[in-house]
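Colleague: Got a sequence here, can you model it:
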Amino acid sequence: MRRGQRRWLPYAYLGPALLLFGGFLLYPLARSVQYSLYSWDGLGASTFVGLDNYVALVQEEQLRDAFGHALVLIGFFAVLPLAIGLLLAAVLNRGRVRGLGLFRTVVFLPQVIAMVVVAVAWRQIYAPEGTLNTVLRAVGLEQLTRSWLGDYTWTLPAVGMVGTWVQTGLVTVLLLAGMARLPREQYEAARLDGAGAVREFFSLTLPSIRAEIAVALTLTIVAALKTFDLVYVTTGGGPGTSTTVPAYEVFQRAFREGAVGSATAIAVTLTVLIFAINLVVNRYVDRVEP
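Modeller: Model prediction:
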């Protein structure tokens, strides 16, 4: 084989993959950007409106609130699971608990259950006569009972806690895998030097799992920002618009209101937001990588 042929050989293998990537991802994304510049009901004629659909994202309070709710959900889907996962993984890794494989399987189970099923189950738990209120009454905390999915103040946190329950297992398993890579000899040397559990965690464990933390944050942030089925099944965006999120607004406007241009503008903005947040997370992790 000639030298020039060898040079072009990798491109020959990558060509079909790039065509598939462009055809199934880049082309639909480009078309979405195009649609977002028009006022269109999805059936009839369209009217070019330029950036009006994007301006509406800033001007319409309901759309601003939807993106604000999505950012709040990041705390429940990403930050809380990371904090809980770090604590659980550190304790289990340090103590070498028996049955760790079974624990990983059990804690990961929410990830393999369809989100619609999870939403239906938690809707029953949060019902006025559901499991949560029943337990609160049983332990003498009846004053804390409420309609969790019908309360303007507590509905969004209630939905967010479902995300925490789902994502904590994934984060814990990822962090445990990262901690297992660190040689036990380093822990033993640190203990001989008098390092306690806290110092051991911040000096050895945390620096060794930065890559796993980045992966966990990327996956959970994406899950938070693209949440739809959980909100659709549990609250339908209510009460009022207190739990609307961008993905739900896309569905509402495209399939119920016939505002395809506005819906695609929301979708494009959400895509850019997801990309930007995860770029910041990964850049930060790369910068502090030892």
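Colleague: From residue 188, how far off is residue 59?
Modeller: Note on residue 59: its distance to residue 188, by Cβ to Cβ, to the nearest Å, is 61 Å. (C-beta placed from N, C-alpha, C; glycine too.)
Colleague: Report the mean per-residue pLDDT for the longest helix seen in the chain.
Modeller: Counting by DSSP state H, the longest helix found in the chain is helix 260-288. Averaged over helix 260-288, pLDDT sits at 86.
Colleague: for it, which positions count as buried?
Modeller: 260-271, 273-274, 277-278, 281, 285 (16 or more other Cβ atoms under 10 Å).
Colleague: For residue 268, which residues are in contact?
Modeller: With contact taken as Cβ atoms under 8 Å, 6 or more residues apart in numbering, residue 268 is in contact with 29, 32, 33, 36.
Colleague: Out of these, which is nearest to residue 205?
Modeller: Nearest to residue 205 among these is residue 29, at 39.1 Å by Cβ to Cβ.
Colleague: Check the gap between the nearest residue to that closest one once chain neighbours are set aside and residue 178 for me.
Modeller: Among residues not flanking residue 29 along the chain, residue 271 sits closest, at 7.2 Å (Cβ to Cβ, 6 or more residues apart in numbering). Residue 271 is 29 Å from residue 178, where distance means Cβ to Cβ.
Colleague: picking up where we left off before, distance to residue 81 and secondary structure added to the contacts of residue 268, as a markdown table?
Modeller: Putting the contacts of residue 268 into a markdown table (distance: Cβ to Cβ, whole Å; DSSP: H, G, I helix; E, B strand; the rest coil) gives the following:
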| residue | distance to residue 81 | secondary structure |
| --- | --- | --- |
| 29 | 29 | helix |
| 32 | 30 | helix |
| 33 | 32 | helix |
| 36 | 32 | coil |
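Colleague: Closest one of those to residue 21?
Modeller: Closest to residue 21 out of the contacts of residue 268 is residue 29 (10.9 Å), distances taken as Cβ to Cβ.
Colleague: Give me the neighbour count for the closest one.
Modeller: Neighbourhood size, residue 29 [other Cβ atoms under 10 Å]: 14.
Colleague: What of residue 187?
Modeller: Neighbourhood size, residue 187 [other Cβ under 10 Å]: 17.
Colleague: Pull the contacting residues for it.
Modeller: Here residue 187 is in contact with 94, 200, 204 (Cβ under 8 Å, 6+ apart).
Colleague: How about residue 137?
Modeller: Counting by Cβ under 8 Å, 6+ apart, residue 137 has contacts residue 145.
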